[in-house]
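Chemist: I would like the atomic coordinates for the input below:
(chains A and B)
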Amino acid sequence: MKIKLLESNDGRPNATSSRSTRFLGICLVLGIPVLILFAFVFSPKDDTMEDAVRLLYIHVPVAIFSYIAFGVTAMGSIFYLWKQSRWWDTTAHASAEIGVIFCGLTLVTGSIWGRPTWNTWWEWGDVRLVTTLVMFLIFIGYLALRQVPASPHVRAKRAAIVGIIGTINIPIVNRSVEWWENSTLHQQSSLTDGNLEDLTLFTWFLGTLILAIAYVWLMIHRFRVGWLSTEYESLGYGAAIEERKAEADLHAGTRSGTTEEGEVE
Amino acid sequence: MSESESSIDLTPRVNARSNLPRWIPGLVLLAVALTIIGLVWFLATNSQSFLEADQAVAEREDLGDKRFQLLGSPISSAGPDQTIIIGEAEYTFFTVTFDGVLVDVVSRGTPPDLFDQGVPVVLEGRWQDGPLPSNDYVFIDGANDGWWFAADRILVKHDNDYRKERIDDAENRGQPDKSSDS
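Modeler: Model prediction:
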């Protein structure tokens, strides 16, 4: 019965892929080798940092898309509290998971960048580094909270509150290099200052485009997984209700038979 | 009670997952709240952690032998004649500047790869006055005012300029204009 309900109209089981996600996937498969070529072959070394500059093409895009992902989580959370729609809760959850992965990658690539550039893997007193770590931990907490047993609505409401609160940190992380310039080794934005040019700028743009496609691709798949999981969960509730009804009918029938028997006796 | 009736389990079913303590959501929310409070506290107390070289000179008497982080730009790259081995330790002698104020530095160990003229550095250490580890050393174009900064860690604060023709904003960053020298 459960499998039957999870089938689509044409008899095939519901899946997370579609024509659009396959197209995005093909774009990624083709785009990633092109990005690698530009990042490692065509784009020049930096005069000072030499090859370490190539981390720019992955570190900055994953950082940007971690902000976007957590921003989408906040938007989904706000709309869930407003509309009480499962669609928004599933969107917020999916985006938070991807955001945590991207934020983790930001921390790892930043640390790899830091060793040859700053002469340290990590600085506990650094404002940019610590605020980014806090953002990562808050959304780990968000995902942990979603695992706490509760009714779907209560779970979504709790998560939405944390999702909104956690997003307050995004502008702090982003602007920390400006607001506390003397408390961070992290440089200010190269892009807004116009300090990227030619192939370095193009490769950075390509990396951002690839990450954008990756985010959308992951988002659609994770959303559909989340949606199907919830469907399956409600299917379980439905089946349990049917089961209890059947038991109740059986129980009522048995009691009725007993009474009749009693009356006969 | 009939046999068939007694075979039905009428006790309410309890979801095994719901046996987890009810205080867990509260704990997670508390952890998030404490994290945010900790972040605010960190930001409030940690601002202005690097003392620019000119500030460090101005506050030299107040700082005493307190350990702090000093921000400045080397006026020259570290040449071989600036590294001296005294006993078993290696010391590098150089001068940094910020807003035209010079600070002589004696750093224990080898400077990082990106240590270069005009590239800002954050030095961890404390003020010292009196004789240098190498008594006869004279800082070329340095302050040579009897005070020196004893550093045991050098961090590089790299700028955000990746253009071929770098136009170092020497005035804003308080560093010598490297592009004009090279």
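
Chemist: Let me know the secondary structure of residue B:138.
Modeler: When classified by DSSP: H, G, I helix; E, B strand; the rest coil, residue B:138 comes out as coil.

Chemist: That one: neighbour count?
Modeler: 10 (other Cβ atoms under 10 Å in any protein chain shown). For every residue, glycine as well, the C-beta is placed using N, CA and C.

Chemist: give me the element the closest residue to it other than its chain neighbours is part of.
Modeler: Counting by Cβ to Cβ, 6 or more residues apart in numbering or on different chains, residue B:138 lies nearest to residue B:144, which is 6.5 Å off, once chain neighbours are set aside. Using DSSP states H and E, residue B:144 falls within no helix or strand.

Chemist: my read: residue B:144 touches residue B:104, true?
Modeler: Yes. The criterion here is Cβ atoms under 8 Å, and residue B:144 meets it with residue B:104 at 6.7 Å.

Chemist: With neighbour numbers in mind, choose between those two.
Modeler: Neighbour count, other Cβ under 10 Å: between residue B:144 and residue B:104, residue B:104 has more, with 21 against 14.

Chemist: residues contacting that one?
Modeler: B:93-95, B:139, B:142-145, B:147-149 (Cβ atoms under 8 Å, 6 or more residues apart in numbering or on different chains).

Chemist: do residue A:35 as well
Modeler: Applying Cβ under 8 Å, 6+ apart, we find residue A:35 in contact with A:57, A:203, A:206-207, A:210.

Chemist: Among those, give me the pair with the biggest separation.
Modeler: For the contacts of residue A:35, the maximum inter-member distance is 10.4 Å, found between A:203 and A:210 (Cβ to Cβ).

Chemist: Please say which of those two ends up with more neighbours.
Modeler: Taking other Cβ under 10 Å, residue A:203 and residue A:210 do not tie; residue A:203 has more neighbours (24 against 21).

Chemist: Would you mind measuring from the more buried one to residue A:40?
Modeler: 10 Å (Cβ to Cβ, to the nearest Å).

Chemist: quick one on the thing from earlier: okay, the residue nearest to residue B:138 and chain A: tell me how far apart.
Modeler: The spacing between residue B:144 and chain A, counted by Cβ to the nearest Cβ, to the nearest Å, is 27 Å.

Chemist: Also residue B:100?
Modeler: 18 Å.

Chemist: I'd like to know how many residues surround that residue.
Modeler: When neighbours are counted by other Cβ under 10 Å, residue B:100 registers 11.

Chemist: before we move on, what about residue A:44?
Modeler: So residue A:44, with other Cβ under 10 Å, has 13 neighbours.

Chemist: quick revisit: which of the contacts of residue B:104 has the most neighbours?
Modeler: Highest count within these by other Cβ under 10 Å belongs to residue B:94, 28 neighbours.

Chemist: Flag every residue of the stretch 1-150 of chain A that's near chain B.
Modeler: A:44, A:46-49, A:53, A:56, A:116-120, A:123, A:125, A:127, A:130-131, A:134, A:137-138, A:141, A:144-145, A:148-150 (Cβ under 8 Å from any Cβ of the partner chain).

Chemist: Residue A:196 belongs to a helix, doesn't it?
Modeler: No. When classified by three-state DSSP, residue A:196 is found to be coil rather than part of a helix.

Chemist: quick revisit: got the contacts of residue B:104 as TSV, with pLDDT and distance to residue A:168 columns?
Modeler: Formatted as TSV, those follow (pLDDT from 0 to 100; distance: Cβ to Cβ, whole Å):
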residue	pLDDT	distance to residue A:168
B:93	90	47
B:94	90	43
B:95	92	43
B:139	82	48
B:142	81	47
B:143	80	45
B:144	83	50
B:145	84	47
B:147	89	44
B:148	91	44
B:149	93	39
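
Chemist: Tell me where the chain has helices.
Modeler: Going with chain A. Ranges of helices within chain A are A:2-5, A:19-37, A:56-83, A:86-118, A:127-146, A:152-167, A:169-179, A:198-264, based on DSSP state H.

Chemist: was after chain B, sorry
Modeler: Ranges of helices within chain B are B:3-6, B:24-46, B:53-58, B:60-63, B:170-173, B:178-181, based on DSSP H.

Chemist: Nothing else from me, thank you.
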